[in-house]
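In: I'd like to go over a predicted model; first the sequence, then the structure.
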Amino acid sequence: MITEIKVASSTEFSSGEAVQAFIDNVNESDNAAAVISRLGPFFDCSEPWSSEQLSRNVLVSVQNLLENRSGNTIDTVQSVIFNHVKPYFTTQHKSVNTDTGRVRMRELASEHTDTIDTPPWKTQAYGIWGTLALLMSLADISKCWFMFLPPTMSMLDDHEPFFKLRGVKLLRTLIDALDAKTIQQAGLRTLWEGSLSTSLTFFAQEHGAELLVCTTEAMLALYRKSPADVNSLYKLTMESVIQPWFYAGDKLSVLLPTFTVLPQLLEAMGVYSARFLKAIIPQINRTLLSVSPPSQHSLPSQLAALNSLDTLIRVCDVRLQQRRVQILDGLVKSYVKADGNAEYAREYTRKLQSCYSTLKKAVPQVPNDLDALIRAYPPLKALDVDLA
């Protein structure tokens, strides 16, 4: 059974069987746009009312329907957008013209976009983001991206993290589909940067962890299409990682998403990541030692921290001479306090050994530092897999 949901066509499906029954008879319909609008919410398999199998069934059935009709897919997409999506986005996005999809260079003084009313797409067309995702999978986005821009921006700029997250996912699809020239000529980078940057401030709220990860990855994807200078990457690292750490303390729910995206940021910055060594290394050490030995609850965050450390060592190897003792100190203390009996703890120990191996390759003096510690505590020899 699926969660009861009212879709854009105001038709209710109360069970997965009801949706599947509709799919089985979809070829009897002569209105492809209406079919897409009704099935669209079930295309997003991450929602509780759908599943991977149901999502595949929806996509295949709609593709077959369009092939049998032998019509222009773009015409069908346009019909769905203008007849089944746009009516629910009656409040015009302040930065986007809903008729043309063009980015506005300035707001018109006569237009008031603020409202205290809940927009119709939240109440009357809940799940409509699935419809948009389905349309994006059917069409050549490069030819009709402007149709998707207004509803996507409305979700992205919503004040609730739940809906912002759906907007970010749709936006990521647009970013991946468009070429650098289109993004530049249409002024999309400036528009998207501002909205995505705002999304990073919701990390402490419900859905904030996933929102932080998806938003950071979307911005990195945007920078790959429209190359950013290192200052833009510095700013993104501050907003998505460093600033949340000030709030997080030992809250693993905040630390995990920051360490999830940190390796990608470090790879993007390369050796310029050295700017953040003073902040990153102590935070990694605190995370590794916050729960010793690691528990099943803390392990994901601690493994993510070690992944970040491994990446940091690789990209900043030429700048680690003065930081090597600080890094080794965290690895040694974590290794000593780790309980190697449980399987999850063994995984943690193996990752500590891997990070030490990376550090040893980056900084030749490290084996000498470890030898001095081994003389004081012989079991530390196992930290170096070449000595074990």
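Out: It's in.

In: which regions of the protein lie under the pLDDT threshold?
Out: 1-12, 14, 70, 91-116, 340-341, 388 (pLDDT under 70).

In: how many other residues sit next to Asp384?
Out: 17 (other Cβ atoms under 10 Å). In short, each C-beta sits where N, CA and C put it, glycine included.

In: swap that for Gln184, please
Out: Burial of Gln184 is recorded as 13 neighbouring residues (other Cβ under 10 Å).

In: same question, His207
Out: Using other Cβ under 10 Å: His207 sits among 17 other residues.

In: Please apply the same query to the one 10 residues further on.
Out: Look at Glu217: counted by other Cβ under 10 Å, it has 17 neighbours.

In: What of Glu267?
Out: 13.

In: Can you give me the buried ones in the longest helix seen in the chain?
Out: Determined from DSSP state H, the single longest helix within the chain is helix 343-362. Neighbour counts using 16 or more other Cβ atoms under 10 Å place 345, 348-349, 351-353, 355-360, 362 of helix 343-362 among the buried residues.

In: again, but for stretch 249-269
Out: Buried, per 16+ other Cβ under 10 Å, within stretch 249-269: 252, 254-266, 268-269.

In: just these now: which is nearest Glu160?
Out: Among the buried residues of stretch 249-269, Pro257 lies closest to Glu160 (Cβ to Cβ), at 18.1 Å.

In: Val241 versus that closest one, what's the distance?
Out: 9 Å (Cβ to Cβ, to the nearest Å).

In: ok, which stretches of the stretch 51-200 of the chain are helices?
Out: 52-69, 73-80, 120-123, 128-138, 141-156, 161-177, 180-185, 188-199 (DSSP state H, counting those that start in this stretch).

In: Distance to Ile36 added to those, as JSON lines?
Out: JSON lines is the format used below for those (distance: least, Cβ to Cβ, whole Å):
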{"stretch": "helix 52-69", "distance to Ile36": "6"}
{"stretch": "helix 73-80", "distance to Ile36": "5"}
{"stretch": "helix 120-123", "distance to Ile36": "16"}
{"stretch": "helix 128-138", "distance to Ile36": "6"}
{"stretch": "helix 141-156", "distance to Ile36": "13"}
{"stretch": "helix 161-177", "distance to Ile36": "16"}
{"stretch": "helix 180-185", "distance to Ile36": "25"}
{"stretch": "helix 188-199", "distance to Ile36": "25"}
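
In: of the ones you listed, which approaches Glu17 most closely?
Out: Of all the helices of the stretch 51-200 of the chain, helix 52-69 comes closest under Cβ to Cβ, at 10.7 Å.

In: tilt between the closest one and helix 73-80?
Out: Helix 52-69 runs at 110 degrees relative to helix 73-80, counting by axes from the mean of the first three to the mean of the last three Cα atoms, to 10 degrees.

In: Could I get the buried residue list for helix 52-69?
Out: Result for helix 52-69 [16+ other Cβ under 10 Å]: buried residues Leu54, Ser55, Asn57, Val58, Ser61, Val62, Leu65, Leu66.

In: give me the number of residues near the residue nearest to Ile81 when sequence neighbours are not counted?
Out: Nearest non-adjacent residue to Ile81, counting by Cβ to Cβ, 6 or more residues apart in numbering: Met147, 4.7 Å away. Close neighbours of Met147, defined as other Cβ under 10 Å, add up to 25.

In: same deal with Thr123?
Out: Other residues within reach of Thr123, judged by other Cβ under 10 Å, total 11.

In: The one 4 residues further on too?
Out: The local packing count at Gly127 equals 21, with neighbours defined by other Cβ under 10 Å.

In: Now do the contacts for the residue lying closest to Gly208 once chain neighbours are set aside.
Out: Distances taken as Cβ to Cβ, 6+ apart put Phe202 closest to Gly208, at 4.9 Å, once the chain neighbours are dropped. Neighbouring residues of Phe202 by Cβ atoms under 8 Å, 6 or more residues apart in numbering: Pro161, Lys164, Gly208, Leu211, Leu212.

In: Farthest pair within the residues you listed?
Out: Maximum pairwise distance among the contacts of Phe202 (Cβ to Cβ): 10.8 Å, between Lys164 and Leu212.

In: Looking at those two, which has the bigger crowd around it?
Out: The neighbour count for Lys164 versus Leu212, taken as other Cβ under 10 Å, is higher for Leu212 (29 against 25).

In: And the strands in the chain, which stretches?
Out: Secondary structure of the chain, counting by DSSP state E: strands at 5-6, 12-13.

In: Just give me the neighbour total for the closest residue to Lys225 other than its chain neighbours.
Out: In space, and not counting its chain neighbours, Lys225 is closest to Ala180: 4.8 Å by Cβ to Cβ, 6+ apart. For Ala180, the neighbour count with other Cβ under 10 Å is 13.

In: I am finished for the moment; much appreciated.
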